[in-house]
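Asks: what would the 3D arrangement of this be:
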Amino acid sequence: ASGKGIVGKETFLEGILTSLPTLGDKQSAFAIHFEWDTKNGIPGAFYIRNYMQGEFFLVSLSLDDVPNVGTINFVCNSWIYNFKNYKTDRIFFANKTYLPSATPAPLVYYRQEELKTLRGDGTGERKEYERIYDYDVYNDLGEPDKKATLARPVLGGSSTLPYPRRGRTGRKPTSKDPKSESRSDIVYLPRDEAFGHVKSSDFLVYILKSASQNIVPQLRSVVTLQLNNPEFNTFEDVRSLYDGGIKLPTDILSQISPIPLFKELFRSDGESALKFPPPKVIQVDHSAWMTDAEFAREMIAGVNPHIIKKLLVILRV
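Replies: Next up is the predicted model:
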């Protein structure tokens, strides 16, 4: 009578599967058996609960041998935390898209409830395990509790300037300014949008690679630092940054921390932090930088092409 789809019986993961060729590193596949009455229609969604204390990343679910259908795939790609962290059970829909007007009636209620969950209700402080997309004014730009001169006005939210907006975090207000929100070292992102540990490590390493020419003393042996005139002496000095890189004392530095960032930073497979990817212009021909054509191209495509003037007169010598 309500139009809601029927929820089947609860079931549990069974034995682990080890023969799937599509499994990646540190991925596991499990068998599961559902009891389903064909009178209930075609499965369009499923609930999942995590009774373990730790979270896991759910990649997908495939239902095989569905009568009159065959296989139904559910692409999930989502972190699942302990069920006590959620107000409602996690739900995933079959890998088939619908316009709102064409959504099957049994799924409408569940899609609306999932949308409410993702939008949130505008209350509470955001937690790591949440997936809520909510927005707020920029009220965390200052730090009035540290110093009065560090106070900053709220940006957005007025009738004349309603924007900009930022992701709502719901942190406690500062003591000296109730309109300002306290800061945190951890920036909230919906859990499925945040970088994983390995991707975060890769991202930080690329930042270090870009900045390392200014912060690593070993570069002094490559670049001659003269007063008010730092320069490379030859093209070979420049190429050495790409061909051999700059060697770091990895035997000592790699012991600083076991976290993935430092394992990546001081890896021993040749991709060290101070070995830069070669520019595309010299990937094919190392002498491309020396040609007049390339020099002219870089001048025209340079940071300030407006200084280039049209050639008006050719001086005869």
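
Asks: if we go by neighbour counts, what in the strand or helix carrying Arg297 is buried?
Replies: According to DSSP states H and E, Arg297 maps onto helix 292-300. By 16 or more other CB atoms under 10 Å, helix 292-300 has no buried positions at all. All C-beta atoms are positioned from the backbone trio N, CA, C, and that covers glycine.

Asks: next: stretch 44-56.
Replies: Gly44, Ala45, Phe46, Ile48, Asn50.

Asks: now for the closest residue to Ile186 other than its chain neighbours, how many residues are close by?
Replies: In space, and not counting its chain neighbours, Ile186 is closest to Glu128: 7.9 Å by CB to CB, 6 or more residues apart in numbering. Neighbourhood size, Glu128 [other CB atoms under 10 Å]: 13.

Asks: Glu128 touches Arg191, doesn't it?
Replies: Yes - counting by CB atoms under 8 Å, Glu128 does reach Arg191; the two are 6.4 Å apart.

Asks: bridging residues for Ser60?
Replies: Partner residues in beta bridges with Ser60, using DSSP bridges, are Val75.

Asks: surely it meets Cys76?
Replies: Yes - using CB under 8 Å, Ser60 is in contact with Cys76, at 5.6 Å.

Asks: measure Lys146 to Asp65 for me?
Replies: Distance, Lys146 to Asp65, using CB to CB, to the nearest Å: 63 Å.

Asks: you'd agree Gln112 is in a helix?
Replies: Yes - counting by DSSP: H, G, I helix; E, B strand; the rest coil, Gln112 is part of a helix.

Asks: who has more neighbours out of Lys146 and Asp65?
Replies: Higher neighbour count among Lys146 and Asp65: Lys146, with 12 against 7, using other CB under 10 Å.

Asks: and the contacts of stretch 50-62?
Replies: The contact list for stretch 50-62 (CB atoms under 8 Å, 6 or more residues apart in numbering) reads 27, 32, 46, 48, 71-83, 92, 129.

Asks: the residues you listed in strands, which ones?
Replies: Among these, the members falling in strands are 46, 48, 71-80, 92 (criterion: DSSP state E).

Asks: Pro162 against Tyr138, yeah?
Replies: No - Pro162 lies out of contact with Tyr138 (CB under 8 Å); the separation is 11.8 Å.

Asks: shared neighbours, the two?
Replies: Counting by CB under 8 Å, 6+ apart, the common neighbours of Pro162 and Tyr138 are Gly156.

Asks: ok, these two, which is more surrounded?
Replies: Tyr138 (16 against 10).

Asks: average pLDDT for stretch 179-191?
Replies: Regarding stretch 179-191, the rounded mean pLDDT is 89.

Asks: can you give me the helices in the stretch 151-300 of the chain?
Replies: With helices called from DSSP state H, counting those that start in this stretch, the stretch 151-300 of the chain shows them at 197-215, 235-243, 250-253, 260-265, 292-300.

Asks: what about the second one, distance to the chain center?
Replies: This means helix 235-243. 32 Å (CA atoms, centre = their mean, to the nearest Å).

Asks: ok, stretch 61-72 next?
Replies: On the basis of CA atoms, centre = their mean, the separation between the geometric centre of stretch 61-72 and that of its chain is 33 Å.

Asks: then stretch 79-86?
Replies: In terms of CA atoms, centre = their mean, the centre of stretch 79-86 is found 21 Å from the chain centre.

Asks: can you check stretch 137-149 too?
Replies: Relative to its chain's centre, stretch 137-149 lies at 27 Å (CA atoms, centre = their mean).

Asks: strands of the stretch 1-150 of the chain, start to end?
Replies: 16-17, 29-30, 45-48, 56-66, 70-80, 90-93, 135-136 (DSSP state E, counting those that start in this stretch).

Asks: mind listing residues that contact the fifth one?
Replies: Read it as strand 70-80. Applying CB under 8 Å, 6+ apart, the contact partners of strand 70-80 are 42-43, 45-46, 48, 50, 55-66, 90, 92-95, 129, 131, 191-192.

Asks: please pick the buried ones from those residues.
Replies: Buried by 16+ other CB under 10 Å: 42-43, 45-46, 48, 50, 58-59, 61, 63, 90, 92-94, 131, 191, out of the contacts of strand 70-80.

Asks: closest one to Asp243 out of the residues you listed, please.
Replies: Comparing the buried ones among the contacts of strand 70-80 against Asp243 with CB to CB places Val59 closest, at 39.8 Å.

Asks: ok, the closest residue to Val66 other than its chain neighbours - how many residues close by?
Replies: Using CB to CB, 6+ apart and skipping the chain neighbours, the partner closest in space to Val66 is Ile72 (5.4 Å). Residue crowding around Ile72 was assessed by other CB under 10 Å; the count is 17.

Asks: next one: Pro278 from Asn139, what distance?
Replies: Separation of Pro278 from Asn139 (CB to CB): 45 Å.

Asks: typed the wrong thing, it's Thr291
Replies: Distance from Thr291 to Asn139, counting by CB to CB: 55 Å.

Asks: neighbour count for these two, which is higher?
Replies: Each of Thr291 and Asn139 has its neighbours counted (other CB under 10 Å); Asn139 has more, 21 against 12.
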